[in-house]
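S.K.: Dropping a prediction and its sequence here:
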Amino acid sequence: MIAIRTLELNRPFEVPTEVENYEAVRFYCSRDGQIVGHFTLWHKGQPISYNQMVEAFSRQMGQHLLWPLFDPQLNLSKADLWPELHRLVREQLGLEIVQDEPEVAPVPPPPGLPLPRPDLTVSVTIPSRDRPQDLRKCLESLTRHRSQTPFEIVVADNNPASGLTEPVVRTFEGVVYVGEPRPGVTFARNAAALHARGDIIVCTDDDVTFAEGWLDNLIAPYADPQVTAVSGMVRPIELEHQAQYWFEQYGSLTRNYRRTRFDRRFFDNPPDFLPMVPAWDVGVTANFSFRAEILADPEIGPFDDELRIAEDPYLIYRILKADRVIVYEPKALVYHRHRATKEGLARQLYNYGRSSTGMQLRTFFVDGDWRGLQCLWGVAKYDWQRVMERLPSRKVPLPLKLYLKLRPARISYTGPLRGQTDFPISLVLAETKGHLVGPYSLLKSIFQVRTKLDRYTWQQFAQAQAARKSQERLCESLLELSS
């Protein structure tokens with residue numbers, strides 16, 4: 001069990017209390033309202049001292065302290081660099097500034113994000129399938145959320161026959177309910193987006209709650225007309241169970257702590273060890289938004305129903321391929337409840353595996369991207385490498401030694417060889433199994449969608465958007481006549 005606390009770096013450190021029942025405390029460090037990193041202090045239920053906090057903070061957060069110094073907007077000279085570093089470190093540790101320290105001219109803060117246009121409307125879409133308790137908490141958080149931008153809430157029920165979701169939605173006034181009986185979160189997201197009326201479609205999940213200022217920060221980058229989509233940070237709401245900690249070890253949903261702009265250059269030259277486009281570094285649909293107009297664009301279109309469970313990375317792939325811009329804004333923060341059981345996490349990683357393989361095959365056969373085929377061999381080698389890392393043995397087998405010596409330059413290896421992590425090998429094998437069945441799952445999904453389920457098309461969204469615009473013009477005309 002790991003406690004989660006927020007640490008404001010603009011104030012002196014306060015030693016946390018009521019953490020005796022936890023093995024560790026994870027501190028998310030915030031500066032000027034933005035999370036800039038995190039560190040974990042393992043105290044095994046013992047009292048925590050101030051010195052322990054400072055030591056863990058310095059060891060794990062050192063690189064984050066340097067980020068502000070190399071911001072080009074600060075324009076620091078070499079003579080100012082070390083005095084500014086000294087002042088910054090003492091300030092963030094809550095220490096008094098030394099009197100004989102050379103004075104440093106105050107640095108103006110970087111310009112904030114522009115406010116969104118006042119006429120911009122937003123639709124927050126939530127797919128849900130038989131999780132009424134999670135959905136209720138999500139809607140309670142969302143209906144209390146305050147934003148300068150007007151927004152509507154659309155919930156897509158992915159199993160209306162169960163009767164579990166609709167009663168929850170009806171208890172919240174103004175929330176739009178949409179039934180989508182076809183199984184698969186992709187169908188649910190498309191159904192919600194088709195009924196949404198906003199200029200911006202925001203995607204989230206029913207196991208998410210929302211931080212203060214989330215929506216305004218998520219929408220603000222749209223003041224730039226070049227921005228097509230914006231993703232935000234996803235932070236765990238708790239780490240009370242072993243499976244939740246394992247998911248953080250696996251990779252979590254937190255991408256990074258710096259505002260990032262992704263464009264066609266990122267698509268053509270992905271900075272990763274595999275030739276695929278690392279769409280997972282851009283964002284996830286637990287906290288993702290885009291202009292509604294792209295759903296009616298034949299070059300991008302709606303979520304791909306034939307993938308069924310890889311809806312977000314493939315949409316990100318198509319947005320970047322179409323030479324559009326995506327912004328990652330870490331100030332747009334939501335809290336996610338990870339799977340609490342090992343069985344649930346295993347199913348999640350299995351789905352991750354088969355969806356990633358299916359997406360790469362899709363990019364090859366549909367988009368003609370050879371990288372989708374090239375990366376499959378790299379994924380197989382990566383799976384085998386992770387299995388070898390977790391085998392409980394001190395000896396390194398000869399095949400692994402040869403692989404590490406002869407591996408391609410693009411395949412980097414910096415992790416432990418064997419037995420150096422407590423991440424269960426069964427969870428690694430669950431994702432590996434997903435990779436292996438990915439091609440079959442994709443073919444099965446394509447057959448089901450084309451023969452039984454039908455799919456959403458960009459033409460449907462074009463017609464719906466045209467009908468809404470026509471209705472809006474009619475309403476405006478009636479208002480003018482009545483006045």
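M.R.: Structure received.
S.K.: show me what contacts the closest residue to residue 253 other than its chain neighbours?
M.R.: Leaving aside its sequence neighbours, residue 253 sits nearest to residue 234 (C-beta to C-beta, 6 or more residues apart in numbering; 3.8 Å). In this view, the C-beta of every residue, glycine as well, is placed from N, C-alpha and C. Going by C-beta atoms under 8 Å, 6 or more residues apart in numbering, residue 234 touches 208, 252, 253, 254, 255, 284, 286, 287, 334, 335, 336.
S.K.: Repeat that for residue 371.
M.R.: 275, 276, 277, 360, 363, 364.
S.K.: Show me which pair in these is furthest apart.
M.R.: 277 and 364 (12.2 Å; C-beta to C-beta).
S.K.: Endpoints of stretch 195-209, how far apart?
M.R.: End-to-end span of stretch 195-209 (C-alpha to C-alpha, to the nearest Å): 23 Å.
S.K.: Centre of the chain to it, how far?
M.R.: Here stretch 195-209 is found 14 Å from its chain centre; the criterion is C-alpha atoms, centre = their mean, to the nearest Å.
S.K.: ditto for stretch 51-59
M.R.: Worked out by C-alpha atoms, centre = their mean, stretch 51-59 lies 28 Å from the chain centre.
S.K.: mean confidence for it?
M.R.: Throughout stretch 51-59, pLDDT has a mean value of 83.
S.K.: Just the CA atoms of it, as CSV, please.
M.R.: C-alpha atoms of stretch 51-59 as CSV (Å, rounded to 0.1, in the frame of the first residue of the first chain):
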residue,chain,number,x,y,z
ASN,A,51,15.8,14.7,6.3
GLN,A,52,14.4,11.5,4.6
MET,A,53,12.1,13.6,2.5
VAL,A,54,14.8,16.0,1.4
GLU,A,55,17.1,13.1,0.6
ALA,A,56,14.5,11.2,-1.5
PHE,A,57,13.4,14.4,-3.2
SER,A,58,17.0,15.4,-4.1
ARG,A,59,17.9,11.9,-5.4
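S.K.: picking up where we left off before, now intersect the contacts of residue 371 with the helices, please.
M.R.: 360, 363, 364 (DSSP state H).
S.K.: which one of those residues has the most neighbours?
M.R.: In terms of neighbours by other C-beta atoms under 10 Å, those top out with residue 360 at 30 neighbours.
S.K.: For that one, which non-adjacent residue is spatially closest?
M.R.: Closest to residue 360 by C-beta to C-beta, 6+ apart is residue 372, at 4.1 Å.
S.K.: for residue 375, same thing?
M.R.: residue 276 (4.0 Å).
S.K.: quick one, phi/psi of the one you found?
M.R.: According to degrees, to the nearest 10, the main-chain angles of residue 276 amount to phi -70, psi 160.
S.K.: Which residues are in contact with it?
M.R.: 270, 360, 363, 371, 372, 375.
S.K.: Which elements pack onto the top strand by length along the chain?
M.R.: Taking DSSP state E as the criterion, the chain has its longest strand at strand 325-336. Counting contacts by 3 or more C-beta pairs under 8 Å, 6 or more residues apart in numbering; DSSP states H and E, strand 325-336 is packed against strand 34-42, strand 208-210, helix 214-219, strand 227-236, strand 260-262, helix 311-321.
S.K.: Pretty sure residue 442 sits in a helix.
M.R.: Yes - when DSSP: H, G, I helix; E, B strand; the rest coil is applied, residue 442 is found to be in a helix.
S.K.: List the contacts of the nearest residue to it once chain neighbours are set aside.
M.R.: Spatial nearest neighbour of residue 442, chain neighbours left out: residue 358 (3.9 Å); criterion: C-beta to C-beta, 6+ apart. Applying C-beta under 8 Å, 6+ apart to residue 358 gives the contacts 307, 310, 438, 439, 441, 442, 445.
S.K.: Ranking helices and strands of the chain by mean pLDDT, which lands last?
M.R.: One helix or strand of the chain scores below all others by mean pLDDT, DSSP states H and E: helix 398-406, with a mean of 53.
S.K.: Which residue ranges of this structure form helices?
M.R.: Under DSSP H, the chain gives helices at 50-66, 78-92, 132-144, 166-170, 185-195, 214-219, 242-250, 264-268, 311-321, 342-365, 371-389, 398-406, 425-448, 458-482.
S.K.: In TSV, list those helices along with distance to residue 303.
M.R.: As requested, the helices of the chain are exported to TSV (distance: least, C-beta to C-beta, whole Å):
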stretch	distance to residue 303
helix 50-66	35
helix 78-92	42
helix 132-144	20
helix 166-170	21
helix 185-195	5
helix 214-219	19
helix 242-250	24
helix 264-268	19
helix 311-321	4
helix 342-365	12
helix 371-389	18
helix 398-406	37
helix 425-448	13
helix 458-482	11
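S.K.: Where among those helices is average confidence lowest?
M.R.: Among the helices of the chain, helix 398-406 scores lowest, with a mean of 53.
S.K.: Residue 198 is in contact with residue 122, correct?
M.R.: Yes - under the criterion of C-beta atoms under 8 Å, residue 122 makes contact with residue 198 at 4.6 Å.
S.K.: Between those two, point out the one with more neighbours.
M.R.: Looking at residue 122 and residue 198 with other C-beta under 10 Å, you find the greater number of neighbours at residue 122, namely 24 against 21.
S.K.: What separation do you get for that one and residue 203?
M.R.: 11 Å (C-beta to C-beta, to the nearest Å).
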